[in-house]
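*Asks:* here is the input, now give the coordinates:
(one chain, ligands or ions: 1)
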Amino acid sequence: MEHSLSPVIFNSTFQKLSLNRSYLPVDVRKNQLKNAVDAARTLGFDGFNVTMPHKTSILELVDRLDDVAKKGGTVNTVARVGQRLVGYSTDGEGALRAIKSYGFEPGDKNILVIGAGGAARAVVHRLSARHNSIRILNRSLDKAKRVAEILNGRGGASYGRLTRKNLLASIPGASLLVNATPVQTEKILSKLAIPPQNLREIDWVFDLAYDEFSDPLPIKSGRISPLEMLVHQAALSFEIWLRKPAPLALMRSSLTDHLGRDWK
Ligand SMILES: NC(=O)c1ccc[n+]([C@@H]2O[C@H](COP(=O)([O-])OP(=O)(O)OC[C@H]3O[C@@H](n4cnc5c(N)ncnc54)[C@H](OP(=O)(O)O)[C@@H]3O)[C@@H](O)[C@H]2O)c1
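*Replies:* Coordinates of the predicted model:
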């Protein structure tokens with residue numbers, strides 16, 4: 001759902017700044033990514049965003065990777081620099097800026113991450129710090145292991161399968177829960193027969209996936225909005241493509257105007 005909100009943010013911002021640019025949503029099937037990238041080259045696009053399920057397959061289709069994208073093993077923003085396509089990852093920094101905008105500093109806190117796809121890789125890589133620990137739980141264990149491995153000894157990282165027992169054991173002591181799956185936290189808890197009250201010691205719950213119908217959690221944990229992350233990572237993409245500071249407030253208001261509400 002949030003994918004369809006990016007054109008709103010960019011096109012409205014371009015228009016308000018009288019920039020002769022447009023941002024087009026394009027559906028690309030798994031087996032057509034190479035054709036789509038070739039087309040973007042041929043048509044001379046300034047850049048594009050990449051969403052799931054293409055964030056890792058794009059790695060081998062660009063000419064160069066920025067350091068963050070290389071270390072996290074995922075790309076969500078591609079920019080044309082001369083004749084070359086360069087891959088960047090703004091998900092991790094976007095998530096960090098969103099988290100900090102709620103006054104939470106993750107540097108020395110225990111963080112629990114559910115999911116181990118492209119977004120989880122970027123977020124885990126960016127949130128890991130010398131004095132915090134990150135635990136990753138995922139349906140498929142091999143992917144959780146691979147995400148833990150990108151930290152390669154930096155900070156404390158552990159992983160496990162997403163099961164009722166593991167989730168219940170991982171909640172105590174965690175200050176932030178990042179849910180990097182497309183499924184809302186309430187649904188994951190319900191599927192594992194865990195009452196939401198079990199999250200009450202967690203300060204912040206951060207679902208990366210946008211669901212306009214999600215209710216507030218029946219506990220006092222705060223909710224970090226995926227829309228806050230969407231705006232921050234869009235601002236980072238804007239800076240990569242246009243090589244100038246992003247008008248964050250304008251980008252934010254483009255989305256609040258469109259939705260008819262704020263999320264903070
Ligand atoms: N707010 C934002 O700005 C923003 C930015 C980036 C991403 N996102 C959102 O974050 C979500 C994840 O994106 P992604 O790129 O990381 O996707 P991805 O690479 O496809 O990874 C999805 C992850 O979710 C897990 N998963 C999928 N369905 C599940 C289920 N029913 N129960 C438990 N786990 C499940 C997968 O587990 P397996 O490994 O076992 O398949 C995998 O670890 C998407 O909804 C995306 O739209 C939001």
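*Asks:* so who does D38 touch?
*Replies:* By Cβ atoms under 8 Å, 6 or more residues apart in numbering, the contact list for D38 is empty. All C-beta spots, glycine's among them, are computed from the backbone N, C-alpha and C.
*Asks:* work out for me the element it sits within.
*Replies:* helix 33-43 (DSSP states H and E).
*Asks:* again, but for V8
*Replies:* helix 6-16.
*Asks:* again, but for L137
*Replies:* Per DSSP H and E: L137 is located in strand 133-138.
*Asks:* on that earlier part again, give me the buried positions along the helix holding V8.
*Replies:* Under the neighbour-count criterion of 16 or more other Cβ atoms under 10 Å, helix 6-16 has S6, V8, I9, F10, S12, T13, F14 buried.
*Asks:* check what pLDDT the residue lying closest to the fifth one once chain neighbours are set aside gets.
*Replies:* Spelled out, it's S12. Once flanking residues are discounted, S12 sits nearest to S254: 3.7 Å by Cβ to Cβ, 6 or more residues apart in numbering. Reported pLDDT at S254 in the predicted model: 96.
*Asks:* before we move on, back to that, remind me what the helix holding V8 packs against, helices and strands.
*Replies:* When contacts are defined as 3 or more Cβ pairs under 8 Å, 6 or more residues apart in numbering; DSSP states H and E, helix 6-16 packs onto helix 226-242, helix 248-259.
*Asks:* what residues of the helix holding D38 count as buried?
*Replies:* Neighbour-count burial for helix 33-43 flags L33, A36, V37, A40 (criterion: 16+ other Cβ under 10 Å).
*Asks:* about what we covered before: so for the helix holding V8, mean pLDDT?
*Replies:* 97.
*Asks:* same check, this time on stretch 202-219
*Replies:* On average, stretch 202-219 scores 80.
*Asks:* try stretch 257-264
*Replies:* What stretch 257-264 shows for mean pLDDT is 91.
*Asks:* and the helix or strand just after the helix holding D38, is it in reach of the ligand?
*Replies:* Using DSSP H and E, the helix or strand that follows helix 33-43 towards the C-terminus is strand 47-49. No: applying Cβ under 6 Å from any ligand atom, one finds strand 47-49 separated from the ligand by no less than 9.8 Å.
*Asks:* direction included, what does strand 47-49 pair against?
*Replies:* Strand pairing for strand 47-49, using DSSP bridges, gives strand 77-81 (antiparallel).
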